[in-house]
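Colleague: please work out how this folds:
(one chain, ligands or ions: 1)
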Amino acid sequence: MALCSGRAVIFDLDGTLTQSEEGIFNCVRHAARAVGAPVPDDTALREYIGPPLAYSFRAFMGLDDETAERAIAAFRERYHRVGLFENRVYPGIRRLLRTLKARGDYVGVATGKHGDATRRILDHFGLSPFIDSVCCATDARSEKVDIIRAVLPENCREAWMVGDRRFDMEGGKAAGIRTIGAVYGYGTLEELQKAGADVCVESVQALIDFLCPGEEPPRGAFLSIEGLDGSGKSTQIALLTDALDRWGFEVTHSREPGGTRIGEMLREIILSPENPEMTAETEALLYAAGRAQHVRELIRPTVASGRVLLCDRYVDSSVAYQGGGRQLGVQRVLDINAMAVDGTLPLATVYLDINHEAALKRRHAATSPDRIEAESDAFFARVEQAYRELIWRDPERFIVVDASQPPEVMGEEIAQRVIQRLVEDELHASSAC
Ligand code: TMP
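Modeller: Numbers count the residues shown, from 1 in each chain. Coordinates of the predicted model:
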């Protein structure tokens, strides 16, 4: 048993750290079909999240012991293959676990799940580094109180069990520790109060406020996405946002030019086809001016609040479009932007790699081009060339993705590579604490 001199916070998994309904619902449906039982509707399916499977299949599906065993086997087979990844980390949970770790708390997970599923889920979503110990059900240990006792460290000054069902509250009480009912999960306030929860929280934010009042949030991250007009950025931003949500990263979107009130006003001026007399230098300085505001008003505060800021274009666009396209020169545009950026660069920049001819074909499908989209093919050839130079200069930061692939294939590659960077960055930040 581990030792702990401070505080221990023990979490249930399903409905507390992760929103597992998609996978669990699919597996209960699969198990019902496998034993020829009627498939429960969505309301009835909610009951299956939290209690032990043996209990659920008997109590909710009305199966006899032998059929319940077969249903459990069918459930587990599908669950271990795919169901456990059909899961979402609740927004805010990453931030909470990172904050607890930074405070020096002992963090445990006590779940009624059997086998290695819990570890696989925590590993898959990059949460394991913030968790000291995991304890699951075994054939000899299926009561929640025993699972909680097994994960609790010795000698802690204070210990809490956080869970979303009555089993968690009752188990925590029986183990002699205080309990927090997570009302945002699958139980109800009434269920949790009736089971004796010491505290109930309606949201993950309320849980953070309760467990870590006044605590500095861990640093978030800044990401940007770049490419020629027509490279498919909007679709990829939507797909990446969905993946980041699933992993529990809290995403704020922004764009350049724009992102702030002043930035959006500058965007109007810069992109308006009614400003044909704008010189290349004016254009470069206006982009840089909007960026100076963006960095200070939105980007830095968002990252400091623990969120991921996902920006549609950043300084690389200026280097490519004004430096390359307008022929002001890569170094001159970097110099113009030095004060605006002031050292704030993305952790990772996704570059959607498409050649200018293919991008032009895609742009032709779009209606009224703005002042920049209306530029010549030679202009975009220079933009593409300048992007290549940037990638060559800073290969660590860029995630270059072949944009001629089908959008979903590209989306998966981007999500996997970006999430890997984010998880590495979290680890790095936590080891620096
Ligand atoms: P968007 O259509 O991707 O929102 O971008 C607006 C246009 O502005 C796009 O054609 C690229 C261009 N642009 C620059 O020329 N320099 C810059 O610094 C930025 C951010 C965008």
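Colleague: and residue 245, what element?
Modeller: Assessed by DSSP states H and E, residue 245 sits inside helix 233-246.
Colleague: for that helix, packing partners?
Modeller: With contacts taken as 3 or more C-beta pairs under 8 Å, 6 or more residues apart in numbering; DSSP states H and E, helix 233-246 sits against strand 88-89, strand 221-227, strand 251-255, strand 308-312, strand 348-353, helix 407-432. C-beta here means a position set from N, CA and C on the backbone, and glycine is covered the same way.
Colleague: in that helix, what's buried?
Modeller: Using 16 or more other C-beta atoms under 10 Å as the test for burial, helix 233-246 gives 233, 236, 237, 239, 240, 241, 243, 244, 246.
Colleague: try stretch 298-308
Modeller: For stretch 298-308, burial by neighbour count (16+ other C-beta under 10 Å) applies to 298, 299, 302, 303, 306, 307, 308.
Colleague: in contact with the closest residue to residue 13 other than its chain neighbours, which residues?
Modeller: Distances taken as C-beta to C-beta, 6 or more residues apart in numbering put residue 111 closest to residue 13, at 4.2 Å, once the chain neighbours are dropped. By C-beta atoms under 8 Å, 6 or more residues apart in numbering, the residues touching residue 111 are 12, 13, 14, 118, 134, 135, 136, 137, 147.
Colleague: so residue 111 sits in a strand?
Modeller: Yes: according to DSSP: H, G, I helix; E, B strand; the rest coil, residue 111 belongs to a strand.
Colleague: of the buried residues of helix 233-246, just say which sits nearest to the ligand.
Modeller: The ligand lies nearest to residue 233 out of these, by C-beta to the nearest ligand atom, at 6.2 Å.
Colleague: report the beta-bridge partner residues of residue 221.
Modeller: The partner list for residue 221 in beta bridges (DSSP bridges) reads residue 308.
Colleague: what bits of the stretch 1-150 of the chain have low per-residue confidence?
Modeller: 1-5 (pLDDT under 70).
Colleague: residue in it nearest to the ligand?
Modeller: Counting by C-beta to the nearest ligand atom, the stretch 1-150 of the chain gets nearest the ligand through residue 91, at 26.5 Å.
Colleague: tell me the SS of that residue?
Modeller: coil.
Colleague: so what's it up against?
Modeller: Applying C-beta under 8 Å, 6+ apart, one finds that residue 91 lies in contact with 204, 245, 248, 250.
Colleague: let's see 7 Å
Modeller: Taking C-beta atoms under 7 Å, 6 or more residues apart in numbering, we find residue 91 in contact with 204, 248, 250.
Colleague: so the first one touches residue 96, yeah?
Modeller: Yes: Residue 204 is within contact range of residue 96, at 6.4 Å (criterion: C-beta atoms under 7 Å).
Colleague: neighbour count winner among those two?
Modeller: Per other C-beta atoms under 10 Å, whichever of residue 204 and residue 96 has more neighbours is residue 96, with 27 against 23.
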